[in-house]
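Visitor: Would you be able to build a 3D model of this:
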Amino acid sequence: MVTDGRHGAVWPGRAEGTGEQSRMENSCDIQADYEPGVRRIVSRWGHDPTGLVQILREVHEAFGCLPGPALALVARLLRIPYSRAKGVASFYAFLNEEPLGSYRVLFSDNITDRMAGSERLMESMCHRLWVEPGKVSEDGLVSVARTSCTGLCDQGPALLVNGRAIAALTDERIGEICRLILARTELGDWPAEFFAVQDHVRRADLLLGHALKPGDAIRAALQRGARGWSEHAANERSWREAYVGAAQGPIAMLEEVKRSNLRGRGGAGFTTGIKWEACRHATGLAHYVVCNADEGEPGTFKDRVLLASYADLVFDGMTVAAYAIGASQGFLYLRGEYRYLLESLEATLERRRAANLLGNGIAGQAGFDFDIRIHVGAGSYVCGEESALIESLEGKRGVPRNRPPYPVTNGYKQQPTIVNNVETLCAAALIAVHGGDWYRSLGTLKSSGTKILSVAGDVARPGLYEYPFGVTVRQVLEDCGATGTQAVQISGPSGVCIDATEFDRRIAFEDLPTAGAFTVFNASRDMFEVARNYAQFFAHESCGFCTPCRVGTSMLLAAMDKIHAGNGTQHELREMNRLNRVLLMSAHCGLGHTACNPILDTLKRFRPAYERKLRSLDFAPAFDLDGALDRARQMTGRDDAAAHLEAQP
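Guide: Numbers count the residues shown, from 1 in each chain. Model prediction:
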């Protein structure tokens, strides 16, 4: 759906009119039920259109869906076109205009969940609740469907029920969940152990094993260059306003980050210090710090643990970054699947404000003003891309921007903005305390420090493993108790799949870079089905903005489904290579560029897994017409040769 964009004209007092909106607003009796709640939510967000995604998410939580009258009222109160509000609502997977039941159950559909039996458990739940997958029960009580990876790969199968995560599913637990739903038990009265999510930190190094207290990194950053600060800023002017004479402190912190050679831990690996420096020197009315916690890559769950158990270190890192670049506002973009962490994170922020670690005059430093707001995503993998994330922060559909310009000069509200991964900001906090040289002493020449790996799949001890860069894949496999391994998917579907001949390769930017996912498959796994699951993921998560990706990922999945059904030939294999070239040349963003990676990697290393499923013909139709007549033959009781399109042997 095409939205109005950024500059649609708005009439005073109402959104730009459409016939549909007028009909909605004339439904006064219906709208009256929603109006007080909608008005409270919009008012809490200051009637600011940049808060549209958050407003829609909260309205959805309040009413179980986005009713048309409520959506129209949101548009009117924000003075934006109704088409924009509806377009944003239609973009995000967790926002729905139709009710999905009092209990919305979403099974994680990541490959590791499937390996652990999620499909069988989902079928069992649907049978017990008398509901079809993807639909709402006839009494409107419950819906059961699939969603992409929920970040619980180390303790799957897992599901979300009304946004709350339940891990370690078993037949017994599924039975109990069904009984609670049928009894219409409030979620708050469910057994607390159902919602227990484990950290599973298996190997800790300098980050996961740190002993810092909240605020240590901030105080250390303020002390760097303190003499220069006191000499040049004795009048306690704002440290941002006094940049020319008084920037010694922030510049000293910036230099430590550059000296550390810290590189982004979100996958791209851009040098953090260079990014911060470019943002600091960019001209703008304000500077912003954004923590990218939209951890959507299947197989990755490290950020979930950092946010759950190391939140102070994350917020210290954001504050250090703000000090270095001169920002007064920060955002934590929390993926929708981690909504259940919101209350604890908000409590941590409040505690930090009370301790003078956020707000005005942080840690007693006059003029150092910085605060953080949490923005919760609404279900969109593509929002993990930094410019799409910024679009979502601004209350828009999460469509990646054309670049250049880059966020460091034209980010949030077109102002200088840095977007860093959760792990990157944690590392920056450590550097503030211990220094750049200390951090650079670990790892390799081009990859300094440590990396946290999210290890899952066919291993005895799934969880988080932190190593200095340069560790071999073989070492990780030994430590996590993997046996009979035939393949490892590094950095999720958009990364690379390696086989046993490559297990001596190293986790490092110069060899195997990774955002964190480390998914292990033993010899019993069908690597074709692994790649097919990833193809389903990319087709589902394509934002639909550009035709090459929207159509290309669907064609890719169709080819994989055709092979799965036993109708594939060498033609499909050639076609997938052709699709890869088209997507690399013309897709708008990285999702399209990497969508073919898991298929091409497994084709290269595990081709027999594909060829076993192929027909010998060079071409076969995707639709089996004779097979489609099988039901008619059963109904008529005929199965002779004349009842088939072709004579049967």
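Visitor: residues contacting the closest residue to R335 other than its chain neighbours?
Guide: Ranked by C-beta to C-beta, 6 or more residues apart in numbering and with sequence neighbours excluded, the top spatial neighbour of R335 is D294, at 4.4 Å. Backbone N, C-alpha and C define where each C-beta goes, glycine included. By C-beta atoms under 8 Å, 6 or more residues apart in numbering, the contact list for D294 reads 333-335, 377, 383-384, 389.
Visitor: ok, R440 to K451 distance?
Guide: To K451, R440 is 14 Å away according to C-beta to C-beta, to the nearest Å.
Visitor: meant to ask about V314, not that
Guide: From V314 over to K451 (counting by C-beta to C-beta), the distance is 17 Å.
Visitor: higher neighbour count, the two?
Guide: K451 (27 against 23; other C-beta atoms under 10 Å).
Visitor: That one looks like it's in a helix, true?
Guide: No: under DSSP: H, G, I helix; E, B strand; the rest coil, K451 sits outside any helix and is assigned strand.
Visitor: Pretty sure G470 is one of the things it touches, is it not?
Guide: No: applying C-beta atoms under 8 Å, one finds K451 not in contact with G470, separated by 9.4 Å.
Visitor: list the residues that contact both of these two?
Guide: I507.
Visitor: can you pull the pLDDT of the nearest residue to E502 once chain neighbours are set aside?
Guide: The shortest distance from E502 to any non-neighbouring residue, by C-beta to C-beta, 6+ apart, is to V473 (7.1 Å). For V473, the model assigns a pLDDT of 98.
Visitor: got it, and the one 5 residues further on?
Guide: The predicted structure scores E478 at 98 on the pLDDT scale.
Visitor: check which helix or strand covers it.
Guide: E478 belongs to helix 473-480 when assigned by DSSP states H and E.
Visitor: Within the sheet, what are the partner strands of whichever helix or strand comes after that helix, with directions?
Guide: Of the helices and strands lying after helix 473-480 in sequence (DSSP H and E), the nearest is strand 485-490. Here strand 485-490 has these sheet partners by DSSP bridges: strand 496-499 (antiparallel), strand 517-522 (antiparallel).
Visitor: what's the spacing between the first one and its chain's center?
Guide: So the one you mean is strand 496-499. In terms of C-alpha atoms, centre = their mean, to the nearest Å, the centre of strand 496-499 is found 22 Å from the chain centre.
Visitor: Run through who's touching it.
Guide: 473, 486-490, 505, 512, 527, 597-598, 601-602, 605-606.
Visitor: Kindly report the same for the longest one.
Guide: Contact partners of strand 517-522, identified using C-beta under 8 Å, 6+ apart, comprise 111-112, 153, 297-300, 453-459, 465, 476-477, 480, 482-492, 495, 527, 530.
Visitor: and of the contacts of strand 496-499, the nearest to C279?
Guide: L512 (28.9 Å; C-beta to C-beta).
Visitor: For the closest one, which residues are in contact?
Guide: So L512 contacts 473, 490-491, 496, 498, 505-506 (C-beta under 8 Å, 6+ apart).
Visitor: swap in V144?
Guide: V144 touches 105, 107, 122, 125-126, 129, 131, 133-134, counting by C-beta under 8 Å, 6+ apart.
Visitor: Buried ones only from those residues, please, as a PyMOL command.
Guide: The following PyMOL line selects those of the contacts of V144 that are buried, judged by 16 or more other C-beta atoms under 10 Å:
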select buried, resi 105+107+122+125+126+129+131
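Visitor: among the contacts of V144, which are in helices?
Guide: 122, 125-126, 129 (DSSP state H).
Visitor: Between the two ends of stretch 143-153, how far is it?
Guide: Stretch 143-153 has an end-to-end distance of 23 Å (criterion: C-alpha to C-alpha, to the nearest Å).
Visitor: any idea which residue sits dead centre in the chain?
Guide: G296 (2.6 Å; C-alpha atoms, centre = their mean).
Visitor: what's the distance between that residue and L389?
Guide: 11 Å.
Visitor: Need the residues touching each of those two.
Guide: By C-beta under 8 Å, 6+ apart, the residues touching both G296 and L389 are C383.
Visitor: now the end-to-end length of stretch 143-155.
Guide: Note: stretch 143-155 ends 23 Å apart using C-alpha to C-alpha.
Visitor: starting at the chain centroid, how far to it?
Guide: With C-alpha atoms, centre = their mean, you get 12 Å for stretch 143-155.
Visitor: Report the separation between E61 and P250.
Guide: 39 Å.
Visitor: Show me where the stretch 201-350 of the chain dips below the pLDDT cut-off.
Guide: 225-248 (pLDDT under 70).
Visitor: Run through the helices of it in chain order.
Guide: Counting by DSSP state H, counting those that start in this stretch, the stretch 201-350 of the chain has these helices, from start to end: 216-223, 226-232, 243-246, 248-260, 272-281, 302-309, 311-325, 342-354.
Visitor: mind checking which of those helices is nearest V419?
Guide: Nearest of the helices of the stretch 201-350 of the chain (C-beta to C-beta): helix 272-281, 8.6 Å.
Visitor: between the closest one and helix 311-325, what angle do the directions make?
Guide: Using axes from the mean of the first three to the mean of the last three C-alpha atoms, to 10 degrees, the inter-axis angle of helix 272-281 relative to helix 311-325 is 50 degrees.
Visitor: And helix 272-281, what's buried?
Guide: 272-273, 275-280.
Visitor: Using TSV, please lay out the residues you listed together with distance to H564.
Guide: Output for the buried residues of helix 272-281, formatted as TSV (distance: C-beta to C-beta, whole Å):
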residue	distance to H564
T272	43
G273	47
K275	43
W276	47
E277	50
A278	47
C279	47
R280	52
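Visitor: Now for these: which two are most distant?
Guide: Across those (C-beta to C-beta), the longest gap, 12.4 Å, separates T272 and R280.
Visitor: Share the number of residues neighbouring the closest residue to R114 other than its chain neighbours, please.
Guide: The shortest distance from R114 to any non-neighbouring residue, by C-beta to C-beta, 6+ apart, is to N533 (6.5 Å). For N533, the tally of surrounding residues (other C-beta under 10 Å) stands at 20.
Visitor: Thank you kindly, that will do.
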